[in-house]
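Enquirer: need a structure here:
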Amino acid sequence: MNKKILYFVFVIFVLIELGEFSSALGITPGASGADYVAGGKESFTFTIINSEKTAQEVEIDLQGELASNMAVDKDIIEFAANEEEKKVTVTLIMPPSMPPGLHKGQLVATQKKSVKSSGQATIGAAVAVAADISFFVPYPGKYVEGKLEVSGNEERKQFRIPIINRGKETINKVSALIVVYDKNQNEIVRLNTNEISMNPGDLREISALWNVNVSKGKYLAKAVLNYDGEEVLLEKEFEVGELELELLDLFVKDFTLGGVAKFNLLVQNKWSEPILDTYAQMKVFDVAFNELADVKSALYNIPAGEKTTMVYYWDTKDMKEGTYEANVLLHYAGKKTQQDVKLQIGKDSIEVIGLGRVIGSEGKGLGSTTTILVIIIVFLVLLNVVWFLILRKRK
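Expert: Numbers count the residues shown, from 1 in each chain. Alright, predicted model coming up:
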């Protein structure tokens, strides 16, 4: 047993030390780049950060595709206690020829050891941080790269295409035709973006707006990007609205206190696809918020856009007349929505209060809150009439 305790303490100690150790080194900026010039020379300065201000050594290394084309001004950095940062300069000699595309190398700083102010070594694994150094070799002729992005709300969507001219030539006309499809690949709408021109290396954007007139759900946008007769296809899935089940109504029929109450929960699927394996849950609490009941329905599959009545049961044995707090929960698609209500329990009725209106049991007695309110209002009106007649006779 003592060995297990010692092992556990040792593991905790090592984890704490590793956490402290790993937070002690940083590098900025995280990436630097330059325009490609055959045989050109570029210098990049980076800052190595010793955030814990501990005395330590850091090894500097060059890695990646461009490692053989780079040189660094120092291989080892020595931090004194309370020293926070050091500068490192990397020189890149660009090759006389390279294939078109992105080419990268890395500056890597690795913690060799860490020494506390007391002079004792710190336990820890080697920690390394890296920064990218890159350049892009343009494509011959005309060549663009773009990405389709979708933003907005349920009423309006914006389609944006950031574009960069990766070729060596000017592009006179760039535009796109965007087509939106539903889940069944039915065409919904066609949109044309604005038109622009681009010089080599330019980063610009084209866009189009859509006034949404479809139901909630998943959609696919396909953009045909045209630049001086050349075409690129871009695609992006997006959603209109959110997957949602709306709670419309909750009521109880034919109830007697002490018996089993059948709750009818009417919900509507606002999504354009079926919502599967959905269930309802209700928790009931007394005035001190002690839980009195926790009941659930069976699983339901709710078709797209349709309404469904979900049923669950509550045995009210040993319950007394009165008003109780309740949480009504819907579980679906990994989500959970909650509606807080009050249950007003009578001898032969359960009224659900809190869904925007009073939803009561049907077809029994004068015990509903609505009926009582009507009686009170009528009584007050009659009382005012009588009081008016009495005052009139006195005059």
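Enquirer: any low-confidence regions in this protein?
Expert: 1-23, 113-126, 356-375, 378, 381, 384-395 (pLDDT under 70).
Enquirer: center of it - which residue?
Expert: Within the chain, one residue has its C-alpha closest to the average C-alpha position: by C-alpha atoms, centre = their mean, that is residue 242, at 11.7 Å.
Enquirer: what's around the closest residue to that one other than its chain neighbours, how many residues?
Expert: Excluding its sequence neighbours, the residue lying closest to residue 242 (C-beta to C-beta, 6 or more residues apart in numbering) is residue 216, at 7.1 Å. For the C-beta atoms, the positions are set from N, CA and C on the backbone; glycine is no exception. Residues near residue 216, counting by other C-beta atoms under 10 Å, number 19.
Enquirer: next one: residue 223
Expert: 23.
Enquirer: and the host helix or strand of it, which strands flank it?
Expert: For residue 223, the host element (DSSP states H and E) is strand 217-227. With DSSP bridges as the test, strand 217-227 is paired with strand 171-181 (antiparallel), strand 230-240 (antiparallel).
Enquirer: related to what we said a few turns ago, so the residue nearest to residue 242 touches residue 238, yeah?
Expert: No - counting by C-beta atoms under 8 Å, residue 216 does not reach residue 238; the two are 11.9 Å apart.
Enquirer: any idea how far the closest residue in space to residue 342 that isn't next to it in sequence lies from residue 323?
Expert: Excluding the flanking residues, the one nearest residue 342 by C-beta to C-beta, 6+ apart is residue 353, at 4.4 Å. In this view, residue 353 and residue 323 are 8 Å apart by C-beta to C-beta, to the nearest Å.
Enquirer: cool, residue 25 as well?
Expert: Residue 25 is 62 Å from residue 323, by C-beta to C-beta.
Enquirer: more neighbours: those two, which one.
Expert: residue 25 (22 against 12).
Enquirer: distance-wise, check that one relative to residue 44.
Expert: Plainly put, residue 25 is 19 Å away from residue 44 if you go by C-beta to C-beta.
Enquirer: what's the answer for residue 32, then?
Expert: Applying C-beta to C-beta, the value for residue 32 to residue 44 is 5 Å.
Enquirer: between those two, which contacts overlap?
Expert: When contacts are counted by C-beta atoms under 8 Å, 6 or more residues apart in numbering, residue 32 and residue 44 are jointly contacted by residue 133.
Enquirer: longest strand anywhere in this protein?
Expert: In the chain, with assignment by DSSP state E, the single longest strand is strand 101-115.
Enquirer: in that strand, what's buried?
Expert: By neighbour count on 16 or more other C-beta atoms under 10 Å, the buried set for strand 101-115 is 103, 105, 106, 107, 108, 109, 111, 114.
Enquirer: tell me where the stretch 201-350 of the chain has strands.
Expert: 203-211, 217-227, 230-240, 245-252, 260-269, 275-285, 291-296, 300-302, 307-315, 322-332, 335-345, 350-353 (DSSP state E, counting those that start in this stretch).
Enquirer: closest to residue 139 out of those strands?
Expert: strand 230-240 (11.3 Å; C-beta to C-beta).
Enquirer: which residues does the closest one contact?
Expert: 142, 144, 146-150, 154, 157, 161, 176, 212, 214-225.
Enquirer: go again using 6 Å as the cut-off
Expert: 146, 148, 150, 154, 212, 216, 218-225 (C-beta atoms under 6 Å, 6 or more residues apart in numbering).
Enquirer: closest one to residue 185 out of the residues you listed, please.
Expert: Residue 185 lies nearest to residue 220 out of these, by C-beta to C-beta, at 7.9 Å.
Enquirer: state the distance from residue 276 to residue 236.
Expert: 26 Å.
Enquirer: then residue 263?
Expert: Residue 263 is 43 Å from residue 236, by C-beta to C-beta.
Enquirer: if you count what's nearby, which of these two comes out ahead?
Expert: The neighbour comparison of residue 263 against residue 236 (other C-beta under 10 Å) goes to residue 263, with 24 against 16.
Enquirer: doesn't residue 310 make contact with that one?
Expert: No - counting by C-beta atoms under 6 Å, residue 310 is not a contact partner of residue 263; they are 8.6 Å apart.
Enquirer: what is the burial count for the nearest residue to residue 166 once chain neighbours are set aside?
Expert: Leaving aside its chain neighbours, residue 166 sits nearest to residue 143 (4.8 Å; criterion: C-beta to C-beta, 6+ apart). By the measure other C-beta under 10 Å, the count of residues near residue 143 is 19.
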